[in-house]
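In: Fold the following and give me the result.
(2 chains)
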Amino acid sequence: MSPEPQPISILQARFPQHLLGSHRYRGQETVVVRREGLREIARFLKDDPALAFDFLLDLCGADYLKFGRSLTSAPTLATPSPLPYFMKPKPTTEIWERLVLNDEYRFEVVYHLYSSPHNHRLRLKVPLTSADPVVPSVTEYWKAANWFEREVWDMFGITFTGHPELRRILLYEEFKGHPLRKDYPVSKRQPLIGPMI
Amino acid sequence: MATPVTETTSTASTEPHPLSGAARAVTARRAGSNETRHMFLNMGPSHPAMHGIIQLILELDGERVVNADVEIGYLHRAFEKECEGRPYNNAIPYTDRLNYVSPLINNFGYCLAVERLLEIEATERCQYIRVIMSEISRITDHLTCIGASAMELGAFTVFLYMIKAREWLWELVEAVTGARLTISYGRVGGVKADLPEGFAERTRRALQDVRKVLLECHTLLTRNRIFVDRMQGTGVISKETAINYSITGPFLRGSGVALDVRKMSPYFVYDRMQFDVPTGEHGDNYDRYLVRMEEMEQGMRIIEQALRQIPPGPLNIDLEGNVLPADIMVDEAKMGQVEGFQQAHVRLDPTLQGSTRGYHEAVNAQEKRAVLPAKEDTYGNIEGLMQHFKLIMLGHGIRPPKGEYYSAVEGANGEVGFYVISDGSERPYRVRVRPPCFTIMAALPELIIGDLVGDIIPTFGSINMIGGELDR
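Out: Predicted coordinates for the structure are as follows:
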């Protein structure tokens, strides 16, 4: 344990109005913030010498549309039969929760930050509603966000305001829909494109 | 290069060629042609010097790159979507196909994330095996990267030597996993099978040979004038820019930042290994080459330490003196003749090598809700059969509690992250891969702008772009 205060407590002291919650699960720290405060918090996380999160290691989206509603995907099993006595899970003290009470918040944009001077990691999550999947871009603080945000737009259809050129990156422009959304049908056919004549 | 030329050839053919394009443009302007225009050039998607399908759109002023754009996604296979649709262990073959030059590291990174969600710890022997296999993969990856980019600069011999060395290492991988590329060796809670007999000795011999090859290549490349001229000062990226682009791995270390996941947040048993993290200082292709060369040496150091420290596996001695082939034992089990099976160690047939009882316990966590029983138990007793059923049949399977975990391992190109979200069902709710060469490719325009077209080749080679993990 480092003697300096943990990132979560610093953020709680500094931005109480923007924080929706925080927890520590399996040794990893997560902070859930409102999108209104994202840019301010991002700048603070990057520039504050006590935090100095200089790496945006990863930026991804997640769609919680069916979260916890698909306990089994087997067509014949509504609930699986109970586990035999020798396969019972160990009791655990750590309980994970989403920290977002309102079910309206369907999407989350997840930022994995790393601070090389302090060797800290932090997960920052921004919940978004399905009616308004828009979040400010952080490209001006971390250039790595440029391609990552394009990928999230490509896969989830989440718009990043202030992004220099938000266009598809892995898929092609004619692709319809955003495939990592949970309501995207896996067997959907897409328009074939050929050489432009 | 610097040798004096005879007077007959000196006039026309020995002009300083790298700037000839730009020089020509200048002369054209002086000669009164009213405008100079930039040329657009498409490199790829299918180009002999591109190690993958990727398109570079270049804006050129003569031979100098003024602007560049990178188009990726040609190898997109919906890895993340595919993972959501099947049980946890079934994603492992897909992870092989991310970085297909060092697939073992991906396997272990994914397994680590799911293990943390389940709160299980792999056995000590398994962790050593994972370290050894990861380092072997790292060496094969670096050999491929350096060999291929040296070949593109004309050093074909180096390529052949390095691929030969890689072959020796892949033979080791094949002996352990049964495959060379699509290895699928990791399992949640362990690995597929224990190391084969005589592995330590074979590895030591292979490493000796690899060292000789590296020495030869070192002699051929490191002070070779042509190679140095092409590598030094090209593809330069500063420390700050590299960090801002979240570049990790040897590419970042070439710019002088000594960051390595194995040191900063050790996983498996890397905290017991002694190794150095080599860094460059200029951030150019040549420094990255040196970093990779040194990392191979450090990798071999780690392998040798791990082989010395690894706790012994089960002795292949039958306690009761009856050595049975696995198929005969299975037949007997079907007839109910199961007495004494708990003690009997069986001789292995090739398909089950290293995964029978005894070996199985040594390399897999004692966690019945995640790890399949040894095959003898599946066929030999009711608990084993039930356990197998509960893990395999449709609708059952491994069920981590609700939660999320981001596992970071040091891949050959940088940090490979697996972000797994579980909603308590038997299929991962979301699997996200943090591909290390994605961020480097995002920085590619900055690397090549200002350089010559010919410099793209060594720069691109030093990125070690792997289409599988870039496009997923």
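
In: mind listing the strands for chain A?
Out: A:19-25, A:28-33, A:55-63, A:105-115, A:120-129, A:134-136, A:159-161 (DSSP state E).

In: these two touch, right, B:Arg180 and B:Leu169?
Out: No. In this structure B:Arg180 lies outside contact range of B:Leu169 using Cβ atoms under 8 Å: 10.0 Å. Quick note: C-beta positions are derived from backbone N, CA and C, even for glycine.

In: In contact with B:Val70: list those residues for me.
Out: By Cβ atoms under 8 Å, 6 or more residues apart in numbering or on different chains, the residues touching B:Val70 are B:Ile54, B:Gln55, B:Leu56, B:Ile57, B:Met441, B:Ala442, B:Leu444, B:Pro445.

In: Looking at the residues you listed, which is nearest A:Trp147?
Out: Distances from A:Trp147 to the contacts of B:Val70, taken as Cβ to Cβ, are shortest for B:Ala442 (4.1 Å).

In: what's around the residue lying closest to the closest one once chain neighbours are set aside, how many residues?
Out: Take B:Ala442 and drop its neighbours on the chain: the residue closest to it by Cβ to Cβ, 6 or more residues apart in numbering or on different chains is A:Trp147, 4.1 Å away. Neighbourhood size, A:Trp147 [other Cβ atoms under 10 Å in any protein chain shown]: 22.

In: Contacts only, for A:Trp147.
Out: Contacts of A:Trp147 (Cβ under 8 Å, 6+ apart): A:Ile169, B:Phe438, B:Thr439, B:Met441, B:Ala442.

In: tell me the pLDDT at the last one?
Out: What the model reports for B:Ala442 is a pLDDT of 90.

In: for the strands of chain A, which one ends up most surrounded?
Out: Compared across the strands of chain A, strand A:55-63 shows the largest average neighbour count, a mean of 25 (mean count of other Cβ atoms under 10 Å in any protein chain shown).

In: Is that one in proximity to chain B?
Out: Yes. Using Cβ under 8 Å from any Cβ of the partner chain, we find that strand A:55-63 touches chain B at A:Phe55, A:Leu56, A:Leu57, A:Asp58, A:Cys60, A:Ala62, A:Asp63.

In: Now do that strand: which elements does it pack against?
Out: strand A:105-115, helix A:145-156, strand B:415-422, strand B:430-434 (3 or more Cβ pairs under 8 Å, 6 or more residues apart in numbering or on different chains; DSSP states H and E).

In: So B:Met296 belongs to a helix, correct?
Out: Yes. Assessed by DSSP: H, G, I helix; E, B strand; the rest coil, B:Met296 belongs to a helix.

In: wait, it sits on B:Thr140?
Out: No. When contacts are counted by Cβ under 8 Å, B:Met296 is not listed as touching B:Thr140 (9.5 Å).

In: the more surrounded of these two?
Out: Per other Cβ under 10 Å, whichever of B:Met296 and B:Thr140 has more neighbours is B:Thr140, with 29 against 22.

In: center of chain B - which residue?
Out: A centroid search over chain B (Cα atoms, centre = their mean) returns B:Ser102, at 2.7 Å, as the residue closest to the centre.

In: Could you pull up phi and psi at the residue lying closest to it once chain neighbours are set aside?
Out: Using Cβ to Cβ, 6+ apart and skipping residues adjacent in sequence, the residue nearest B:Ser102 is B:Ser137, 3.6 Å away. In terms of degrees, to the nearest 10, the main-chain angles of B:Ser137 are phi -60, psi -40.

In: OK, contacts around B:Ser137?
Out: B:Val101, B:Ser102, B:Pro103, B:Leu104, B:Ile105, B:Val173, B:Ala412.

In: With distance to B:Arg430 and secondary structure added, can I get those residues in CSV?
Out: CSV is the format used below for the contacts of B:Ser137 (distance: Cβ to Cβ, whole Å; DSSP: H, G, I helix; E, B strand; the rest coil):
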residue, distance to B:Arg430, secondary structure
B:Val101, 26, coil
B:Ser102, 24, coil
B:Pro103, 22, helix
B:Leu104, 24, helix
B:Ile105, 21, helix
B:Val173, 30, helix
B:Ala412, 25, coil
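
In: so does stretch B:187-203 get close to chain A?
Out: No. Applying Cβ under 8 Å from any Cβ, one finds stretch B:187-203 separated from chain A by no less than 12.9 Å.

In: Run the chain-centre distance for that stretch.
Out: The chain centre lies 18 Å from the centre of stretch B:187-203; the measure is Cα atoms, centre = their mean, to the nearest Å.

In: end to end, how far does that stretch reach?
Out: Distance between the boundary residues of stretch B:187-203 (Cα to Cα, to the nearest Å) amounts to 23 Å.

In: Report the buried residues of that stretch.
Out: Under the neighbour-count criterion of 16 or more other Cβ atoms under 10 Å in any protein chain shown, stretch B:187-203 has B:187-195, B:199-200, B:202-203 buried.

In: In those residues, find the pair that's most separated.
Out: Top of the distance list for those (Cβ to Cβ): B:Val188 and B:Arg202, 27.9 Å.

In: Around chain A, which positions in the stretch 51-200 of chain B sit nearby?
Out: Counting by Cβ under 8 Å from any Cβ, the stretch 51-200 of chain B comes close to chain A at B:Ile72, B:Gly73, B:His76, B:Ala78, B:Glu80, B:Lys81, B:Gly85, B:Arg116, B:Leu117, B:Glu119.

In: And for the fourth one, the neighbour number?
Out: I take that to be B:Ala78. That count, for B:Ala78 with other Cβ under 10 Å as the rule, works out to 18.

In: Distance of the nearest residue to it once chain neighbours are set aside relative to B:Phe159?
Out: Of all residues not flanking B:Ala78 in the chain, A:Pro179 sits nearest, at 6.6 Å (Cβ to Cβ, 6+ apart). Distance, A:Pro179 to B:Phe159, by Cβ to Cβ, to the nearest Å: 38 Å.

In: Output the below-cut-off pLDDT ranges for chain A.
Out: A:1-5, A:70-80, A:101, A:196-197 (pLDDT under 70).

In: show me what contacts the residue in the stretch 101-250 of chain B that chain A sits nearest to?
Out: Going by Cβ to the nearest Cβ, chain A is nearest to B:Ser246 of the stretch 101-250 of chain B, at 3.7 Å. Going by Cβ under 8 Å, 6+ apart, B:Ser246 touches A:Phe55, A:Leu56, A:Leu57, A:Trp142, A:Ala144, B:Thr439.

In: That one belongs to a strand, doesn't it?
Out: No. Remark: B:Ser246 does not belong to a strand; assigned using three-state DSSP, it is coil.

In: B:Glu71: how many residues sit nearby?
Out: B:Glu71 has 14 nearby residues by other Cβ under 10 Å.

In: ah, wrong one, I meant B:Gln274
Out: 8.

In: so it touches B:Arg301, yeah?
Out: Yes. B:Gln274 lies in contact with B:Arg301 (Cβ under 8 Å); the separation is 7.4 Å.

In: Count the residues that sit near B:Glu216.
Out: Neighbours around B:Glu216, by other Cβ under 10 Å: 15.
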